[in-house]
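> Whatever this is, show me its structure:
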Amino acid sequence: MPVVTSFVLTAADRSRMYGACIVWYEPLPPAVVQAYLDEQGGLVQAGVDEPGPESALAEPAPPPLHAPEAICLLSRQPLFEFLNTCCRQLFRMRLSDVLSEQALLPLLSATVPPPGACRDVQLGNVSVAVRMPPPNDLPRTMAGRGFFLLFQHLDVSSVIILWALLLAEQKVVLQAKQTHVLTMAAETLSALLFPFSWQHVYIPILPANLLDILQAPVPYLIGIDEQMLQMAERQGMLPDDVVQVDLDSAAIVCDPDLAASIRLPQKQYNKLYKAIAPYCRPGGGSGQAFNAAWAFPMAPPPDVEADGSPGSIADMSDAEVASAGRKVKAAFLRFFVSLTVRYQELMILPPARLKQPAAVDFFDERRWLARFSAGCGGWLRMLVRSQAFTEWLEQRLAPPSVPDAETVFFNEQIDAKLMRSAKTKLFAKQDTPFLSTGALPPGGYVGQLVPPHVRTVYNASMIAARPAQAQQPVALLLVLGSGLAQTEQAEVADFEARLRLEFARHLLWSRVDVAAALRVHVCDWQSAGADQHRLYSGLEQLPIRQAMLDLTLYAAGVEYRGQLDAALRRSLRGIATGDEAAGELPLCVVAQGFGGVFVLDYLARAQGELPPAEAPPATPLERGETLTYLCTLSSPVPLLAASGAEAPAVSQLRVPTRGMVQRHPQVRGGWANFHHKGDPLGFPLQGCYPAVAQDNLLTGRHRRDQPLALTSLNDVSGFVRPLAQALSYVWQDINWRE
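Have a look, this model is predicted:
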């Protein structure tokens with residue numbers, strides 16, 4: 001009788017290969033049997049008298065012998081139902097004829113269909129369908145009826161306690177006579193941990209040469225058959241702290257104190273119990289050993305009628321089995337959604353005394369535990385301190401540059417729950433495009449995974465763990481308004497000091513020197529407007545007069561424009577002086593007043609491949625190719641556009657540039673504009689230029705004893721702090737390594 005089994009192979013990089021195998025016994029040809037007997041002849045004839053002449057004439061036929069034959073299929077996708085069906089069909093084809101390469105060609109050349117699609121593979125006279133679930137059907141399970149083998153072997157309390165023990169990262173050994181049952185049970189348990197994942201040793205079928213791994217001092221999920229169990233017991237390989245799950249007798253053997261500590265939040269437990277009870281084995285196990293489910297401190301909900309039976313799944317159609325699988329997965333998913341709803345409110349900054357905080361240090365465990373009754377605190381503490389929970393936090397604190405479907409799916413599930421809540425559905429409106437359409441948004445989750453300041457500090461702490469020489473600085477060019485760099489040097493120095501201080505506050509736990517992380521250079525350009533008004537220091541609205549004259553001269557004179565272009569080049573060249581690699585540093589620019597006019601013009605012409613008249617700049621920094629962040633303050637650039645003298649490419653300016661986005665897809669750069677409500681030359685720019693990500697209105701009180709431009713520079717909360725935060729984002733995103 002052929003035997004079909006499934007298995008999983010795990011590589012060193014945690015990637016998995018999924019397989020199915022069918023084994024049967026074929027009679028050996030008589031010649032092969034005779035050759036085997038001849039080889040063993042010395043052993044067979046040992047101790048037997050020499051045959052007489054009569055017996056030598058008789059040559060009896062050799063006894064029938066059988067040898068195992070097998071067909072094994074492997075896949076990178078967990079297509080257990082498809083692989084098992086193919087194995088059975090190939091066995092039928094093998095009985096009728098020898099399997100030829102031509103007969104196997106449809107299977108060997110088949111490709112996995114895209115998510116949500118189906119593809120037929122023709123094997124002989126049978127068409128076998130391989131179906132991939134939709135992208136938003138998570139967790140993905142393609143085991144068919146095999147998904148329910150765990151529930152058919154265990155009662156509902158045993159399933160929940162086993163699942164909870166895995167979340168607490170205990171050592172778990174599954175025991176069963178059939179290896180196929182072991183694989184399917186382990187795969188089902190692994191899938192039901194979603195959105196978490198099993199981070200430790202995972203061997204659904206333990207081979208004899210790995211028996212020693214049972215003594216490993218780490219959590220594991222291992223399956224052993226009857227033969228391996230006897231071997232492990234004879235050698236005393238099962239440690240005292242292991243959780244033994246006998247799937248055949250529906251019994252769980254473990255420390256009673258451990259079982260008693262598994263107390264789940266009551267409301268969530270009741271809903272989970274009711275949802276999965278119809279698909280579980282009724283009653284308790286029949287084993288004589290202690291069953292940990294007896295010590296499970298949570299009683300079944302009083303209004304549950306578990307009318308399911310182990311045979312009920314076999315009576316269902318394929319469509320009903322698929323529907324039941326979705327219901328079971330949804331029940332476990334709702335449990336996790338309810339536990340982690342509004343987790344963003346629990347993300348905090350850890351104490352400064354922690355020099356290298358871990359992800360869990362950014363999660364307020366105390367406030368989270370306060371959401372639930374005190375009795376379930378023990379299990380919840382084991383969950384929040386598990387490696388799986390740490391990875392779940394890391395996926396949100398430092399999301400990958402390519403959107404992760406599992407993260408988007410689960411966070412949209414949380415949003416969907418909030419919108420269903422009677423308290424929030426009238427006031428909160430969240431988009432859930434992935435749940436609604438199955439199409440993953442290009443930018444990932446549309447909401448906020450964690451508060452920005454928490455992500456900033458976490459990334460900075462991770463970067464700080466690397467050697468200092470591996471951290472790349474950011475170049476910051478300050479282009480101030482007409483005459484400020486020459487006449488207000490003390491104020492400019494104070495602004496630079498405040499900016500560095502705020503920048504440093506956003507890079508807590510960073511071991512690098514802030515002066516090295518942020519290379520600041522003040523552009524020394526000569527304002528013609530300031531020169532012309534040098535003798536008229538007492539004029540009213542002098543800064544406005546200077547800026548307007550600069551604007552007029554710039555619009556009318558090519559020579560003045562060339563002088564300012566040269567000043568910019570000198571400044572950018574000065575940043576890179578003495579360091580060959582500095583010519584490729586990410587460039588951030590802060591341009592104030594009229595300084596923003598010629599900076600935008602220069603960068604627009606550089607991106608539009610319209611370089612200034614002089615020789616092309618030598619480094620990417622000078623060519624503006626590394627532009628990552630741009631901040632304009634009190635910019636009169638719309639006035640230049642109205643005069644017709646603006647470079648046409650300013651409206652197509654890209655911040656960050658294409659090259660920076662390709663090198664650092666996750667970088668948070670952009671163009672931010674600030675303007676003061678009392679400044680007649682400061683304009684909102686978002687309506688004029690698509691690249692402007694945000695307009696910010698400054699409302700700080702203007703001191704009459706200083707120019708309005710200095711009032712804006714001195715506005716710590718309105719300007720300096722947001723600017724420093726944006727610069728810290730650029731620094732950490734450039735230095736972040738996934």
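> Can you classify residue 298 by secondary structure?
Following DSSP: H, G, I helix; E, B strand; the rest coil, the label given to residue 298 is coil.
> That one: neighbour count?
A count of nearby residues for residue 298, using other Cβ atoms under 10 Å, gives 19. Glycine gets a C-beta too; all of them are placed from N, C-alpha and C.
> who touches it in this structure?
Residues counted as contacts of residue 298 (Cβ atoms under 8 Å, 6 or more residues apart in numbering) are 157, 263-264, 266, 269.
> one more time with 6 Å
residue 269 (Cβ atoms under 6 Å, 6 or more residues apart in numbering).
> Residue 341 - nearest residue in space that isn't next to it in sequence?
Of all residues not flanking residue 341 in the chain, residue 414 sits nearest, at 5.5 Å (Cβ to Cβ, 6 or more residues apart in numbering).
> correct me, but that neighbour touches residue 343?
No: applying Cβ atoms under 6 Å as the test, residue 414 and residue 343 come out as separate, 7.7 Å apart.
> what about the longest helix in this structure?
The single longest helix within the chain, with elements called by DSSP state H, is helix 318-340.
> Identify each buried residue in it, please.
Within helix 318-340, the residues that count as buried by 16 or more other Cβ atoms under 10 Å are 321-322, 324-325, 328-329, 331-340.
> tell me the mean pLDDT over the next helix-or-strand element following that helix?
On the C-terminal side of helix 318-340, the nearest following helix or strand under DSSP states H and E is helix 365-369. Regarding helix 365-369, the rounded mean pLDDT is 95.
> got it, and stretch 162-175?
In this model, stretch 162-175 has an average pLDDT of 96.
> who's in contact with it?
By Cβ under 6 Å, 6+ apart, stretch 162-175 touches 182, 185, 192, 219-224, 229, 242-246, 262, 382-383, 386.
> Look at it and report the distance between its end residues.
Start-to-end span of stretch 162-175 (Cα to Cα, to the nearest Å) is 13 Å.
> Point to the residue nearest the middle of this protein.
For the chain, residue 395 is the residue whose C-alpha lies nearest the centre (Cα atoms, centre = their mean; 4.3 Å).
> to the chain's geometric centre, what's the distance from the helix or strand containing that one?
Assigned by DSSP H and E, residue 395 belongs to helix 387-397. Centroid separation between helix 387-397 and its chain, computed with Cα atoms, centre = their mean, to the nearest Å, is 9 Å.
> Can I get that helix as PDB, trimmed to CA atoms?
C-alpha atoms of helix 387-397 as PDB (Å, rounded to 0.1, in the frame of the first residue of the first chain):
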ATOM      1  CA  GLN A 387      12.000  37.000  20.000                       C
ATOM      2  CA  ALA A 388       8.900  36.900  17.800                       C
ATOM      3  CA  PHE A 389       7.500  40.000  19.400                       C
ATOM      4  CA  THR A 390      10.800  41.700  19.100                       C
ATOM      5  CA  GLU A 391      10.900  41.000  15.400                       C
ATOM      6  CA  TRP A 392       7.300  42.200  15.100                       C
ATOM      7  CA  LEU A 393       8.300  45.500  16.600                       C
ATOM      8  CA  GLU A 394      11.400  45.800  14.400                       C
ATOM      9  CA  GLN A 395       9.300  45.400  11.300                       C
ATOM     10  CA  ARG A 396       7.500  48.600  12.400                       C
ATOM     11  CA  LEU A 397      10.400  50.600  13.900                       C
END
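> If you count neighbours, what's buried in it?
In terms of neighbour count (16+ other Cβ under 10 Å), helix 387-397 has its buried residues at 387-390, 392-397.
> try stretch 686-698
689, 691-693, 698.
> contact partners of stretch 650-665?
401, 600, 604, 625, 627-628, 630, 667, 669-671, 689, 691, 734.
> measure that stretch end to end?
Start-to-end, stretch 650-665 (Cα to Cα) is 23 Å.
> likewise stretch 206-223?
End-to-end distance for stretch 206-223, by Cα to Cα: 6 Å.
> mean confidence for it?
Taken as a whole, stretch 206-223 has a mean pLDDT of 93.
> Over to the residue nearest to residue 341: give its phi and psi.
For residue 414, the backbone dihedrals (degrees, to the nearest 10) come out as phi -60, psi -40.
> Pull the number of nearby residues for it.
Based on other Cβ under 10 Å, the number of other residues close to residue 414 is 21.
> Model confidence score at it, please.
In this model, residue 414 carries a pLDDT of 94.
> What of residue 14?
79.
> Roughly how far does it sit from residue 390?
Going from residue 14 to residue 390 by Cβ to Cβ, to the nearest Å gives 16 Å.
> With residue 531 instead?
Going from residue 531 to residue 390 by Cβ to Cβ gives 61 Å.
> Same question for residue 105.
Distance of residue 105 to residue 390, given as Cβ to Cβ: 47 Å.
> What of residue 577?
From residue 577 to residue 390 the distance is 44 Å (Cβ to Cβ).
> Same question for residue 222.
Taken as Cβ to Cβ, the span from residue 222 to residue 390 is 22 Å.
> Tell me where the stretch 451-600 of the chain has helices.
Ranges of helices within the stretch 451-600 of the chain are 452-464, 484-487, 489-505, 514-517, 528-532, 542-556, 558-576, 595-607, based on DSSP state H, counting those that start in this stretch.
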